[in-house]
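Participant: Dropping a prediction and its sequence here:
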Amino acid sequence: MSDPGFWAVQSLVTEPGPAAAAIDRLPSDLGVLRAVSQQLVFHHWADGDWAENGIAPERISEIDTRYAAAMFARLGELADLPLSAARQPRQRLVGCCRDFTVLFVSMARHKGIPSRARVGFAGYLLNGRLIDHEIAEVWDGSAERWRLVEPEIDDGHTDPADGASFDALDVPPSRFLTAPRAWQLARSGAIDPERFITDPGLEIWPWLRHNLVHDLAALNKTEMLLHEVWGGGLAHAARARRAAGPGRAGHPHRAAQPAAGRPPVGLPSPGVRGTGHRDQLQHRTDRCPGGHRRQRGGPGSQLTGALAGLAAA
């Protein structure tokens with residue numbers, strides 16, 4: 001698909017519904033749309049204590065909101081505010097990186113900006129690790145290239161690996177690996193697959209494949225919930241659920257309902273985005289037993305040939 005205009009049209013997932021009128025009142029500036037998206041979602045384990053922020057435990061179900069129209073409707077129920085207004089944490093949708101991205105992409109597409117979700121791994125959240133993540137990508141017509149946009153992180157965020165800051169409206173591809181690039185780099189041995197992590201209790205090879213399929217779906221404007229699997233991923237999901245034990249759904253973005261003031265079961269205790277919770281995740285990974293090491297000709301070799309072209313998409 002070479003025409004960027006394909007991604008300027010809403011998908012069934014990103015169609016904003018009645019919220020289109022509210023989006024009309026926003027400028028078409030990507031920086032403004034990014035700032036708006038930051039205010040719309042309370043990250044379910046990264047944004048602080050649930051009880052202190054007045055968020056009821058049962059609101060974890062909001063993370064399963066598939067469609068942007070339903071997300072915007074829920075935001076309207078939580079607070080009758082313009083989209084550009086600052087929101088208290090309790091006035092935001094409980095969600096994850098996928099929700100920041102879907103809302104950003106919905107607003108950008110409504111403005112006629114070719115935009116799409118990309119699933120992959122971020123290297124700027126935890127020193128030495130590549131964290132399961134989803135961000136956006138927009139078409140820069142003047143430069144005739146796609147550029148990655150991070151709709152979640154705070155302004156002034158620095159990469160803990162080198163202390164460098166970067167433009168959240170043009171994330172360097174070296175700092176966010178799309179799933180096809182991650183797959184190829186892990187398969188070739190250019191990157192140790194043990195650097196990739198979605199949850200310390202899950203095997204990484206099936207999740208590399210999981211993200212590869214999700215990125216393919218996103219490029220085709222099917223922006224899935226991050227815990228969803230099909231085809232070859234089903235066996236992995238079953239293994240993950242068994243390994244996780246009762247109360248876990250096998251993916252850190254879909255976890256058991258939290259007790260008041262605590263994050264969902266199996267996740268690090270929430271802290272300030274970009275600092276506290278990443279330190280706790282580092283502690284978890286440091287004491288996590290080693291995962292599966294890469295082997296040449298390892299799992300999923302049939303996907304490599306079929307999807308290798310996505311790395312350049």
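Facilitator: All right, it came through fine. Since this is a predicted model, take the numbers as computed values, not measurements.
Participant: residues contacting the closest residue to Ser28 other than its chain neighbours?
Facilitator: In space, and not counting its chain neighbours, Ser28 is closest to Lys111: 4.2 Å by CB to CB, 6 or more residues apart in numbering. Glycine gets a C-beta too; all of them are placed from N, C-alpha and C. Lys111 makes contact with 23, 26, 28, 33, according to CB atoms under 8 Å, 6 or more residues apart in numbering.
Participant: Equivalent analysis for Pro151, please.
Facilitator: Counting by CB under 8 Å, 6+ apart, Pro151 touches 34, 37-38, 100-101, 103-104, 135-136.
Participant: Residues in a beta bridge with the residue nearest to the spatial centre of the chain, which ones?
Facilitator: Nearest to the mean C-alpha position of the chain, by CA atoms, centre = their mean, lies Glu134 at 2.7 Å. The bridge-partner assignment for Glu134, based on DSSP bridges, gives Val119.
Participant: one step back: which of the contacts of Lys111 sits closest to Met71?
Facilitator: Of all the contacts of Lys111, Ile23 has the smallest distance to Met71: 12.3 Å, by CB to CB.
Participant: So the closest one: helix, strand or coil?
Facilitator: helix (DSSP: H, G, I helix; E, B strand; the rest coil).
Participant: Near it, how many other residues are there?
Facilitator: Burial measure for Ile23: 21 neighbouring residues, criterion other CB atoms under 10 Å.
Participant: which non-adjacent residue is nearest it?
Facilitator: Distance criterion CB to CB, 6+ apart; nearest residue to Ile23, sequence neighbours excluded, is His110 at 4.7 Å.
Participant: residue ranges with poor pLDDT in this protein?
Facilitator: Counting by pLDDT under 70, the ranges of the chain that qualify are 1, 230-313.
Participant: show me the biggest helix of it in terms of residues.
Facilitator: As far as residue count goes, and with DSSP state H defining each element, the longest helix of the chain is helix 204-219.
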